[in-house]
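Student: Sharing a model prediction with you, sequence too.
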Amino acid sequence: MQKPSQSDIETKVAGNKNRDKLFGVVGLLSTFVGMLTLAALLADLATNGLARLQPHFFTSFPSRFPAQAGILSAWVGTTLVMIVTALTAVPIGVGAGVYLEEYAPKNWFTAIIEINIANLAGVPSIVYGLMALGLFVYQFRFGQSILSAGLTLALLILPIVIVSTRESIRAVPGSMREAAYALGATKWQTTSDHVLPYSMGGILTGVIIGLSRAIGETAPLITIGALTFIAFLPDAPIKAEFPFVSFEWLWSPFSVMPIQMFNWVSRPQAEFHLNAAATGLVLMVMTLLMNGIAIYFRYRFRKRIKW
Amino acid sequence: MNTDQADAGYLAAQRQVKSLATGASLKKLRERVIEFGMFLCALFSVAITLGIVWVLLYESWHFFENVSLVDFLTDTQWTVLFENPRYGIMPLVTGTLVTSGIALLVALPLGTTVAIYLSEYANATVREILKPILELLSAVPTVVCGYFALLFITPMLQSVLPDLPGFNMLSAGIVIGIMIIPYVSSLSEDAMKAVPVHIREGSYAMGATRLQTALRVLVPTAFSGIASAYVLGFSRAVGETMVVAVAAGTQPNLTLNPMEGAATITAYIVQVSLGDLPHGSVAYQSIFAAGLTLMCMTLIFNIGGYLLRKRFREIY
C-alpha cells in the first residue's frame, strides 16, 4: 500500500473542514425552510384576508354573499367550547398529574397509566372524534352539542396538561415538601399550599399550549357533527330573571372558527377564499398570541425561581 | 381543689382530646378522599383509551357483520356512498401512504439536519431563538395549513408542473412534511443531546470534524431516540386530516402517483361526517372501520419502531 503524501492528507483535511462548514450553512437553511413557510403563510393570509377584517365580519352570521358573511356564530361557538374544554381538562389533568407525581405507588398499575398517557398523546385527533361520536353523541345522548365538543377537545389536550403538570411538579425540590411535613402539614396541605403554587407557572404554560391546540382543532369536531352553516347563537348563559344563569347553551348546536374556515375554503368561489383567509388570520393571531404568552411564562418562571 | 372541680377539669380535658382525635380522623378522611379523587383523574386517562378501543371495535364489528373482511381488504373500490356500494379500503390506504410518504421525504431529512444543526452547531443564543419559532410551526391550526396547501403551494407547483390538478397529494404531503419538522427535530435533538460528552470528545480527539462526529458517532449512538422521532412523525402524518381533506380531494383513487388527487382514510371520515348520515347505517359504521384501519397502521409502525429501537439500543 502506498503511503499517502503530505499534500494528500492536507487536501483531505481541508475537504473535511469545508464539508463541515458547508453543513453549518445547510443546517441553518433547513431551519429557515420552516420559518419561511410560516412567514409565507402569514403573508398570504394577510394579503388576502386583511381587507375582510371589518367590524361587521365579527358581528355577522355566515351568508350566501361572501362580502356580507361573518364569523359571529363561529367565534361565539369557539369561546363556549373552549370554556367547557378548560373547565374539564384543567381539573382532571392537574389532578392526574399531581396523583402520578406525588401519590402514586411504584407498581405495575401506575406504569400502565403512564404508558397509556404517552400513547394517548400519539393518537390521531380524528380518532378522538370517532370515540366522541360513539360515546358522547349517541351513547350518553349529549347530542351534537357544545358539551360534546368541549369534552372531546378536553380529552384531546388532557395528555398535554398532565405531562406539563408532572414536569413542573417534578421541578419543585424535595426539601420544600420535607419542610412542610416537618411542621406537621399533611400530604394534601403540602401539595395544595406549597407544591402546586410553586409549579403554577409550568402548569399554566401547559394549559395555554393545550388550549391553543384545541382552538385550531377541526377534524374531531366535524366528526361529532358540528354545523358548517349556522345562523343563530346559543342560548345566553346569563338571564335577566331568576336564577340568572342558564346552562341551555351546553346543548346547543354549534360551529367553531376552524370549521367555518374549512367551509369557506372548500367552496369553489374565490370570493369565499378571502373570507377563509380572514378567518385563518384571526385563528393564527390567537394561536401565536397564546403560544407567545406561554413562551413568555416559561421564560419568566424559569428566571425567577432559583431554588 | 375539691373533687368536683377536678372532675370538671378532667372531663374538659377528655373532651378536648376527643375533639382533637375526631379532628385528626376527619383530616385523615379528607386526605383519603382527596387522594382517591386524584386517583380517579389518573384512571380517567385509561378510561379514554378503553373508550377509544371499545367504540372502534364495537362499531367496526357491526360493519363487518354487513361487509366481509376479505372484500374490505382486497376490493379495489371504495364507493360506500354510491348506489351499489363497494367496500375496499385499499384506495384510502394508498392515499394515506402516498401523502405520508411525501411528508416523510420532506420531514426526515430536514428534521434530522435541523436536529444536528441545533444540537452540534448552533450556540445557545441562536438555539434559544430558533427553537421556539420552529415549534410554532406545529402550533399552526391544520385547517390553515390546508388553506396554504390548496391556495399557495398548489398554484406554485402548477407553475412548474402545468399538468398538476387542483387537488393533488403532492402539495398536501409537502405541507404536512413541513408541519411535522418540529416533531422530528426536537425529539432527535434531545436524543443527540443525551449522548455523553466523552463519546463526542473521543471522536474529536481522533481529529474528526463536527459533521463527521455527528454522522458517524452521534446519529448511530442516538439511533433509538431518532427512530422514535421518526415513528412519531409518521403517526402525525398518517393521522393528519384537514390538510388532505382540503388539498388532496375527497375522491378515493387507487394510485401511487402523487400528482393525482386521492382521498385518505382521514379525509373520508371528514367527508362522511359532513353529511348527515343516519346513526347505525353501514356508511356510518364504515367511518369506524376506517378509523380502526388508521389505528392499526400507526400501531404497526409503532411496533416496527419499537423492534428497531430494541435492535439498535446503545447502552453507555
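Tutor: It's in.
Student: What ranges does chain A have for its helices?
Tutor: Ranges of helices in chain A, per DSSP state H, are A:6-49, A:55-59, A:72-98, A:108-120, A:125-132, A:146-170, A:174-182, A:187-190, A:196-216, A:219-223, A:257-265, A:270-304.
Student: A:Val137 contacts A:Ala226, correct?
Tutor: No: under the criterion of C-beta atoms under 8 Å, A:Val137 makes no contact with A:Ala226, lying 11.0 Å away. For every residue, glycine as well, the C-beta is placed using N, CA and C.
Student: Just give the nearest non-adjacent residue to the residue of the stretch 151-300 of chain A found nearest chain B, would you?
Tutor: Here the stretch 151-300 of chain A gets closest to chain B at one residue, A:Gly216, 2.6 Å apart by C-beta to the nearest C-beta. In this structure, A:Gly216 finds its nearest non-sequential neighbour in B:Pro141, 2.6 Å apart by C-beta to C-beta, 6 or more residues apart in numbering or on different chains.
Student: and the one you found, how many neighbours?
Tutor: B:Pro141 is flanked by 23 other residues according to other C-beta atoms under 10 Å in any protein chain shown.
Student: do the one 3 residues further on as well
Tutor: Using other C-beta under 10 Å, B:Val144 has 30 other residues around it.
Student: any weak-confidence spans in the stretch 151-300 of chain B?
Tutor: Nowhere does the stretch 151-300 of chain B drop to pLDDT under 70.
Student: Point out the residues in it that sit beside chain A.
Tutor: B:151-152, B:178, B:181-182, B:207, B:209-212, B:214, B:232, B:235-236, B:238-242, B:245-246, B:266, B:269-270, B:273-274, B:276, B:279, B:287-288, B:291, B:294-295, B:298 (C-beta under 8 Å from any C-beta of the partner chain).
Student: mind listing what residue 190 touches?
Tutor: Since you didn't name a chain, this refers to chain A. A:Thr190 makes contacts with A:Arg177, A:Ala180, A:Tyr181, as judged by C-beta atoms under 8 Å, 6 or more residues apart in numbering or on different chains.
Student: not what I meant, chain B
Tutor: Applying C-beta under 8 Å, 6+ apart to B:Asp190 gives the contacts B:Gly225.
Student: Mind checking what secondary structure it has?
Tutor: helix (DSSP: H, G, I helix; E, B strand; the rest coil).
Student: Look up how far B:Ala149 lies from it.
Tutor: Separation of B:Asp190 from B:Ala149 (C-beta to C-beta, to the nearest Å) stands at 29 Å.
Student: Please apply the same query to B:Met295.
Tutor: 25 Å.
Student: Which residue of these two possesses the greater neighbour count?
Tutor: When neighbours are counted by other C-beta under 10 Å, B:Met295 and B:Ala149 differ, and B:Ala149 comes out ahead with 28 against 19.
Student: Am I right that the more buried one is in contact with B:Met242?
Tutor: No: at 9.6 Å, B:Ala149 does not count as touching B:Met242 under the criterion of C-beta under 8 Å.
Student: Which among the residues of the stretch 151-300 of chain B next to chain A count as buried?
Tutor: Using 16 or more other C-beta atoms under 10 Å in any protein chain shown as the burial test, these include B:151-152, B:178, B:181-182, B:209-212, B:214, B:232, B:235-236, B:238-242, B:245-246, B:266, B:269-270, B:273-274, B:287-288, B:291, B:294-295, B:298 as buried.
Student: Please identify the helix or strand for B:Ser25.
Tutor: Assessed by DSSP states H and E, B:Ser25 sits inside helix B:3-66.
Student: tell me the angle that helix makes with helix A:72-98.
Tutor: Put simply, helix B:3-66 runs at 120 degrees to helix A:72-98, going by axes from the mean of the first three to the mean of the last three C-alpha atoms, to 10 degrees.
Student: Against which helices or strands is helix B:3-66 packed?
Tutor: helix A:72-98, helix A:108-120, helix A:125-132, helix A:146-170, helix A:187-190, helix B:282-312 (3 or more C-beta pairs under 8 Å, 6 or more residues apart in numbering or on different chains; DSSP states H and E).
Student: Highest mean neighbour count out of the ones you listed?
Tutor: Across these, averaging neighbours per residue (mean count of other C-beta atoms under 10 Å in any protein chain shown) puts helix A:125-132 on top, at a mean of 27.
Student: wait, what's in contact with the residue in the stretch 151-300 of chain B positioned nearest to chain A?
Tutor: Minimum separation of the stretch 151-300 of chain B from chain A (C-beta to the nearest C-beta) falls at B:Gly239, amounting to 2.3 Å. Residues near B:Gly239 by C-beta under 8 Å, 6+ apart: A:Val123, A:Pro124, A:Ser125, A:Ile126, A:Val127, B:Thr266, B:Leu294, B:Thr298.
Student: swap the cut-off to 6 Å and go again
Tutor: Contact analysis of B:Gly239 by C-beta atoms under 6 Å, 6 or more residues apart in numbering or on different chains lists A:Pro124.
Student: Which pLDDT value belongs to A:Val26?
Tutor: A:Val26 is assigned 92 on the pLDDT scale.
Student: Now it: closest residue in space, sequence neighbours ignored.
Tutor: Nearest to A:Val26 is B:Thr113, by C-beta to C-beta, 6+ apart, at 6.3 Å.
Student: Tell me which helix or strand the one you found sits in.
Tutor: helix B:90-116.
Student: Over that helix, what's the mean pLDDT, rounded is fine.
Tutor: Computed over helix B:90-116, the average pLDDT equals 94.
Student: Which neighbouring elements make contact with that helix?
Tutor: helix A:6-49, helix B:169-179, helix B:181-193, helix B:223-239, helix B:265-274 (3 or more C-beta pairs under 6 Å, 6 or more residues apart in numbering or on different chains; DSSP states H and E).
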